[in-house]
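>>> Build me a structure from this.
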Amino acid sequence: MPARPYILAETTWKTVQENAYQVVVLPWGATEAHNYHLPYATDNYQSDYVAAEAARKAWEQGAKAVVLPCVPFGVNTGQLDITLDINMSPSTQLALLRDVVQVLARQGIPKLVILNGHGGNDFRQILRELQAEFPTVFLSTLNWFKAADRNQYFSAPGDHADELETSVMQHIAPELVRPLAEAGNGAARQFRIAALRQGWAWAQREWSKVSADTGVGNPAAATAEKGAAFLEAVTTNIAQFLVELAAADPQDLYE
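Got it, this is the predicted structure:
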């Protein structure tokens, strides 16, 4: 397969010199257990795939987007007792991002999108701090799994190793997905306190107290076809965002 000019890891210095990149995309995942049937790197495989496919579609529309290598560790403070769930604290994420943004600012690359694939990551407050520090680089973040309406594709609720994530992995890396007969049912215990259960108050979930199999959501109805359809919608929507962002003047974003 020929090198893709929108994937930095495959790109040479010559190609970089020939392209004035407008938007840098940084996929960010996690390394954590995903029930009994999905691999620990599920969030990384998904983030890499979505970033690459969205960048391809944007590139074909003339937007000069480039995808950086995925950051494979996320915030997993609620899973510290689950073997080899690797936690990266928010303060570490801030330090890492500061170094990346500093490079972009120094080199005059004007826009960064963090493409997040892990529910425990929340970059908004980090980007608020860095935006004040680096005003010449426009900073934004998105959760790829929210870029299309999941309810149009999946019937079972959930947010971890569920029908959505399983379907997506069945499409992009079927060789890494164990038979669904081996999967747990993803049953999750709810908070006793009403406000936390209803979602208008928040506290971290202690994962081993919530789920016996580490999943949240039943994957039984997952299919590769559902995953492909959802990914097509997600990557099309994200590509459109990249195209619009590449063309936008950060000083003139409001109608």
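>>> residue contacts, the closest residue to Ala247 other than its chain neighbours?
Leaving aside its sequence neighbours, Ala247 sits nearest to Ala63 (CB to CB, 6 or more residues apart in numbering; 7.3 Å). Backbone N, C-alpha and C define where each C-beta goes, glycine included. Residues counted as contacts of Ala63 (CB atoms under 8 Å, 6 or more residues apart in numbering) are 22-23, 242-243, 245-247.
>>> try Thr214
32-35, 79, 82, 160-161, 184, 207.
>>> Determine the longest helix present in the protein.
Determined from DSSP state H, the single longest helix within the chain is helix 224-247.
>>> which other helices and strands contact that helix?
strand 23-28, helix 42-60, strand 111-116, strand 138-143, helix 163-172 (3 or more CB pairs under 8 Å, 6 or more residues apart in numbering; DSSP states H and E).
>>> Make TSV from the ones you listed and add mean neighbour count to it.
Formatted as TSV, the helices and strands packed on helix 224-247 follow (neighbours: other CB atoms under 10 Å):
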stretch	mean neighbour count
strand 23-28	25
helix 42-60	24
strand 111-116	24
strand 138-143	18
helix 163-172	25
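>>> I'd like those laid out as a markdown table, including mean pLDDT and distance to Gln198.
Formatted as a markdown table, those follow (pLDDT from 0 to 100; distance: least, CB to CB, whole Å):
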| stretch | mean pLDDT | distance to Gln198 |
| --- | --- | --- |
| strand 23-28 | 98 | 29 |
| helix 42-60 | 98 | 27 |
| strand 111-116 | 98 | 24 |
| strand 138-143 | 98 | 21 |
| helix 163-172 | 98 | 22 |
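>>> on that earlier part again, just the buried subset of the contacts of Thr214, written out for ChimeraX, thanks.
Buried residues among those (16 or more other CB atoms under 10 Å), as a ChimeraX selection:
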select :32,33,34,35,79,160,161,184,207
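>>> Tell me the one of the contacts of Thr214 nearest Leu142?
Closest approach to Leu142 among the contacts of Thr214 (CB to CB): His160, at 18.8 Å.
>>> can you tell me how far the closest one sits from Glu175?
21 Å (CB to CB, to the nearest Å).
>>> Same question for Asn116.
From Asn116 to Glu175 the distance is 25 Å (CB to CB).
>>> before we move on, what about Ala229?
From Ala229 to Glu175 the distance is 21 Å (CB to CB).
>>> How is Ser91 assigned, secondary-structure-wise?
helix (DSSP: H, G, I helix; E, B strand; the rest coil).
>>> circling back: doesn't the residue nearest to Ala247 belong to a helix?
No. Assigned with three-state DSSP, Ala63 falls outside any helix and is coil.
>>> And it, its phi and psi?
The phi/psi pair for Ala63 (degrees, to the nearest 10) reads phi -90, psi 130.
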